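> Fold the following, please.
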Amino acid sequence: MSAEIITQLPARRSSLSEFLDGARRAIPVVVASSPFAVLFGALAIDNGLTPFDALFMSMTVFGGASQMVGIELFGHKIAPWLIVLSIFAVNFRHVLYSAAIGRHFAHWPLWQQALAYFLLTDPQFAEAESRAQRERVPFAWYFGMGLCIYVFWNMATLAGALFGRLIPDPHAIGLDFLLPIYFLGIVMGFRKRPMWLPLVLVSGVASMIAYKFVGSPWHVSLGALAGIILALIVPPSSQKA
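Residues are numbered from 1 along each chain as shown. Predicted coordinates:
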């Protein structure tokens, strides 16, 4: 290999450097998601859970939307199978995430893959996919981002459980708008991919229609399903155009 080619190759960074870079990637996610973690902690207390129960649920489930749905359903006399089905509907997109992202760390040891799937969230998936377009996805980088999000999510949950009643309504001060803005930024980051605009439009419209006529949380999975169907229908040659 010539010296010119070698100088053009990106230098392999140390595991610590990759870990810290991943942690820095998590900062916007922490800022955007913390109000929702605090809200979950407060709602958990309102629905009869103890601070320990709220923290334990947050540590083991680690899924903001599914935790919100679960805590609301726990407060009503609803059959357990329906609660499980509703949470599955919310988290079905993670099955798709896992299928898409698994190829990037299929070569990792099994314990690293298991930990990676546990830490998989919407922003984690988006950042990993974005990096995979440019270079490899090392475990240290992925773990640095995932661990940072996980720790601060649970810290915010505990804060909400202990002090949530002292916090004003997040809707009144606009804190609940931070996460949608962040997710919009994630979607825009994929705008150069083939069929991006048609897929976004079809998924968005289908999700809104499903929300109107089917209701939450099914609109999330139905919107994703609509986008998948479009991707399957459109020939690969058209997607590359």
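
> for the protein, what spans make up the helices?
Assigned by DSSP state H, the chain shows helices spanning 3-8, 15-46, 51-61, 64-74, 80-101, 110-118, 122-132, 139-163, 170-173, 178-188, 196-213, 218-233, 236-239.

> what sits against the most centrally placed residue in the chain?
Nearest residue to the geometric centre of the chain (Cα atoms, centre = their mean): residue 122, 1.9 Å. Residues in contact with residue 122 (Cβ atoms under 8 Å, 6 or more residues apart in numbering) are 93, 97, 183, 186. Where you see a C-beta, it was placed from the backbone N, CA and C, and this is true even at glycine.

> List the residues that contact the nearest residue to residue 164 once chain neighbours are set aside.
Among residues not flanking residue 164 along the chain, residue 42 sits closest, at 2.5 Å (Cβ to Cβ, 6 or more residues apart in numbering). Going by Cβ under 8 Å, 6+ apart, residue 42 touches 160-161, 164-165, 167.

> Can you name the two of those residues that sit furthest apart?
Spatial extent of these (Cβ to Cβ) is set by the pair 161 and 167 at 11.4 Å.

> the more surrounded of the two?
residue 161 (25 against 16; other Cβ atoms under 10 Å).

> follow-up on the earlier one: model confidence score at the residue nearest to residue 164, please.
According to the prediction, residue 42 has pLDDT 87.

> Kindly report the same for residue 6.
Reported pLDDT for residue 6: 40.

> follow-up on the earlier one: any idea how far residue 180 is from the residue nearest to the centre of the chain?
Using Cβ to Cβ, to the nearest Å, one obtains 12 Å as the distance from residue 122 to residue 180.

> got the contact list for residue 129?
100-101, 104, 190 are the contacts of residue 129 under Cβ under 8 Å, 6+ apart.

> If you rank those by neighbours, which is first?
Highest count within these by other Cβ under 10 Å belongs to residue 101, 21 neighbours.

> With that, I have no additional questions.
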